[in-house]
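Asks: From the sequence below, what's the structure:
(one chain, ligands or ions: 1)
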Amino acid sequence: MFRLLLLALLAIVVYRLVRGARSARPVGGPPRHRALPEQRMVRCDHCGVFVPEREAVTDGEHRYCSPPHRDAGPSRGRGG
Ligand SMILES: [Zn+2]
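Replies: Residues are numbered from 1 along each chain as shown. Model prediction:
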């Protein structure tokens, strides 16, 4: 029974070694971020949630996360 486990473990190790050798990373560079550097986040003037600028709904100088919040307009204080 243990032999089977050992074989499975060995297979996993070999598999990872082969995969690791194929996708060798360059040494010395900083890790790459998935987010684009030009991706700016803007704050919804109604609910305050942050959304990517290109996905934000713009109304004049205000920005919103969705059309309903644009229609609702900027929030006026708490509990409004
Ligand atoms: Zn919102």
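Asks: all contacts plus neighbour counts: C-alpha atoms, from now on.
Replies: Noted.
Asks: contacting residues around Val18?
Replies: For Val18, no residue meets the contact criterion (Cα atoms under 8 Å, 6 or more residues apart in numbering).
Asks: could you measure it against Gln39, distance?
Replies: In this view, Val18 and Gln39 are 35 Å apart by Cα to Cα, to the nearest Å.
Asks: where's the residue nearest to Ala56 when sequence neighbours are not counted relative to Phe2, distance?
Replies: By the measure of Cα to Cα, 6 or more residues apart in numbering, the closest residue to Ala56 outside its immediate chain neighbours is Cys65, 5.2 Å from it. Per Cα to Cα, Cys65 is found 56 Å from Phe2.
Asks: do the same with Gly60
Replies: 69 Å.
Asks: what does stretch 44-54 rub up against?
Replies: By Cα under 8 Å, 6+ apart, stretch 44-54 touches 39-43, 56, 62-65, 69-70, 72-75.
Asks: repeat that for 10 Å
Replies: 38-43, 56-58, 61-66, 68-77, 80 (Cα atoms under 10 Å, 6 or more residues apart in numbering).
Asks: returning to what we had before: can you give me the neighbour number for the residue nearest to Ala56?
Replies: Residues contacting Cys65 under the criterion other Cα atoms under 10 Å number 23.
Asks: Drop anything exposed from the contacts of stretch 44-54.
Replies: The neighbour-count criterion (16 or more other Cα atoms under 10 Å) marks 42-43, 56-58, 62-65, 69-70, 73-74 among the contacts of stretch 44-54 as buried.
Asks: From those, which land in strands?
Replies: Val42, Arg43, Val57, Thr58, His62, Arg63, Tyr64 (DSSP state E).
Asks: With pLDDT and distance to Ala11 as added columns, please give those residues in CSV.
Replies: What follows is these, written out as CSV (pLDDT from 0 to 100; distance: Cα to Cα, whole Å):
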residue, pLDDT, distance to Ala11
Val42, 94, 48
Arg43, 95, 49
Val57, 96, 51
Thr58, 95, 54
His62, 96, 57
Arg63, 96, 53
Tyr64, 97, 52
